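Asker: turn this into a model:
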Amino acid sequence: MSQQPFQQDGIGEPDGLDRLWTPYRMAYLRGESKPADDSTGECPFCRIPTLDDDARYLVVRRGVTAYAVLNLYPYAPGHLMVCPYRHIADYTDTTVEEAAEIGAMTKAAMVTLRAVSRAEGFNVGMNAGAAGGAGIAAHLHQHVVPRWVGDQNFMPVVGHTKALPQLLQDTRALLADAWVE
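Answerer: Numbering: from 1, shown residues only. Next comes the predicted model:
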C-alpha cells in the first residue's frame, strides 16, 4: 500500500518519496510465527499437511511423501517450499522415495511457475541446519524462488522491503490450478 510523500509533523517540505507499508513482515522480523521448539509437536511443517486444502494454509500440491506450500514470508511472488511430510532435518536422512519426490515436485514447481508467472530464472536450495541459515532447522524444506531480470532493486537492501504484487491466497490458487506434473 502506497502513501503520500512523508512530511514529519507538517514541518518542512515533503520528501517526495512514496512509502510501501508491509506491516505483516513484522511478525516474521519478531519471530512471532517461529515455534519456540521446532520438534515434531511444534513444527509448522508437520502441522501444515494436517490442515485442509484451503487458501488460508497455502498448500499448493500434495504428493505421497512430500508437499509444496507457499512461503508465508516470500522473497518473491510465488516463492514456495517443498517439504517432506516426515519430520527430518537433513537431506541425507531422506529415503530414496522422498528425495525423488522432492526433486520431482521442485521440477514441477519450476515448470508451473514459468507457465503462470513467466519466471525467467530461479533460486533453488535448502538451508540445512541453523548454521546453514535454516529458520526452522529441524524440518527439511527446499525453497523454490522465481526470479525475473531486474526484480531485485534497492528496496530489499535499503528499505528491507519486498514488493509483492499478489495476495498469497491468489498466488496459491493460481499455482494449484495450473500445477504441471
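
Asker: rest of the way, CA atoms for contacts and neighbours
Answerer: Noted.

Asker: please confirm that Ser123 is located within a strand.
Answerer: That one is not Ser; residue 123 is Asn. Yes: counting by DSSP: H, G, I helix; E, B strand; the rest coil, Asn123 is part of a strand.

Asker: what's near enough to touch it?
Answerer: By C-alpha atoms under 8 Å, 6 or more residues apart in numbering, the contact list for Asn123 reads His143, Val144, Val145, Pro146, Arg147.

Asker: may I ask which of the residues you listed has the most neighbours?
Answerer: When neighbours are counted by other C-alpha atoms under 10 Å, Val144 leads those with 26 neighbours.

Asker: tell me what that one is bridged to.
Answerer: Beta-bridge pairing of Val144 under DSSP bridges involves Leu80, Val124.

Asker: isn't it up against Met81?
Answerer: Yes: between Val144 and Met81 a contact is recorded at 5.9 Å, counting by C-alpha atoms under 8 Å.

Asker: kindly list the longest helix within this protein.
Answerer: helix 96-117 (DSSP state H).

Asker: which strands or helices does that one pack on?
Answerer: Here helix 96-117 touches strand 66-70, strand 80-84, strand 142-147, helix 168-178, going by 3 or more C-alpha pairs under 8 Å, 6 or more residues apart in numbering; DSSP states H and E.

Asker: can you get me a residue count around Gly150?
Answerer: As a burial measure, Gly150 scores 6 neighbours (other C-alpha under 10 Å).

Asker: hang on, I meant Ala131
Answerer: 9.

Asker: that one in helix, strand or coil?
Answerer: Applying three-state DSSP: Ala131 is helix.

Asker: for the residue lying closest to Ala128 once chain neighbours are set aside, what are its contacts?
Answerer: If you skip the residues right next to it in sequence, Ala128 has Ala134 as its closest partner in space, 5.8 Å away by C-alpha to C-alpha, 6 or more residues apart in numbering. Residues in contact with Ala134 (C-alpha under 8 Å, 6+ apart) are Met126, Asn127, Ala128.

Asker: in which helix or strand does the last one reside?
Answerer: Secondary-structure assignment from DSSP states H and E places Ala128 in no helical or strand segment.

Asker: please look at it and His143 and confirm they touch.
Answerer: No: checked against C-alpha under 8 Å, the pair Ala128 and His143 is beyond contact range at 11.4 Å.

Asker: can you list the low-confidence ranges for this protein?
Answerer: Within the chain, the segments meeting pLDDT under 70 span 1-41, 152-165.

Asker: hmm, 90 instead?
Answerer: Judged by pLDDT under 90, the chain has its weakly predicted residues at 1-45, 47, 50-58, 71-77, 127-138, 148-181.
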